[in-house]
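Trainee: Quick one, fold the following:
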Amino acid sequence: MKRFRNRILAITAAAVLLVPAILLAAENYKIDTAHTYVMFKINHLNIGNSYGRLNGPTGSFAWDDVNPSNSRFEVTVPAANVDTDNDKRDKHIRSADFLDADTHRTLAFKSSGIKKTGPGTYEISGQLDLLGQSHPITVTAMETGHGKDPWGNYRRGFETTFTIKRSRWGMNFMLNGLGDDVEITVSLEGIRQ
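Mentor: Prediction:
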């Protein structure tokens with residue numbers, strides 16, 4: 001009985017020591033809004049492309065270099081922060097015709113799975129929330145770098161470009177004049193907490 005109790009104590013002690021190591025494996029980062037960009041491109045009249053940004057992205061990510069499947073990303077952008085360098089167009093994009101920013105205040109992405117696909121490249125799956133609808137997407141992201149900044153913070157960056165069909169989220173206005181495909185680039189930089 002004493003040997004059995006000693007084994008249980010040893011296993012419990014090992015588990016207690018192992019849990020913090022597992023929890024510490026993923027480093028937590030807060031997104032640096034000043035150095036994170038969400039940009040989009042959409043075809044205009046089958047003639048040219050229009051570009052814009054969604055300013056002020058916020059969020060966080062946890063990163064585990066050893067086991068990327070333990071990592072996660074969460075990014076949110078205020079829908080009212082659309083910026084195409086044209087006030088009249090921005091007001092229209094904020095309207096119910098497009099982003100309906102008064103009703104659906106944010107666009108958000110939350111990852112559900114991450115796997116390494118090559119040196120510094122990852123496949124990230126998750127849910128994209130837009131116009132009150134949530135649909136799964138999978139993107140390919142590249143780690144753009146990591147290291148200490150001049151102020152002693154540790155930073156890590158990722159970038160992805162992917163295409164969605166806006167009609168999938170119910171954004172059907174002017175499909176004959178604006179493309180259904182919207183190319184989105186997200187370049188994010190996080191500061192380790």
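
Trainee: Could you use CA atoms for every contact and neighbour count after this?
Mentor: Will do.

Trainee: which one is the residue nearest the centre of the chain nearest to, not counting chain neighbours?
Mentor: Closest to where the C-alpha atoms of the chain average out (C-alpha atoms, centre = their mean) is V75, at 4.4 Å. What sits nearest to V75 in space, not counting adjacent residues and going by C-alpha to C-alpha, 6 or more residues apart in numbering, is G59, at 4.5 Å.

Trainee: contacting residues around that neighbour?
Mentor: Counting by C-alpha atoms under 8 Å, 6 or more residues apart in numbering, G59 makes contact with K30, I31, F73, E74, V75, T76.

Trainee: give me phi/psi at the second one?
Mentor: When you say that, I think you mean I31. Dihedral pair for I31: phi -70, psi 130, per degrees, to the nearest 10.

Trainee: Just give me the neighbour total for it.
Mentor: Counted with other C-alpha atoms under 10 Å, residues neighbouring I31 total 24.

Trainee: For it, list each beta-bridge partner.
Mentor: Bridge pairing for I31 (DSSP bridges) gives the partners G190.

Trainee: unless I'm mixing things up, it is touching E189, no?
Mentor: Yes: between I31 and E189 there is a contact under C-alpha atoms under 8 Å: 5.9 Å.
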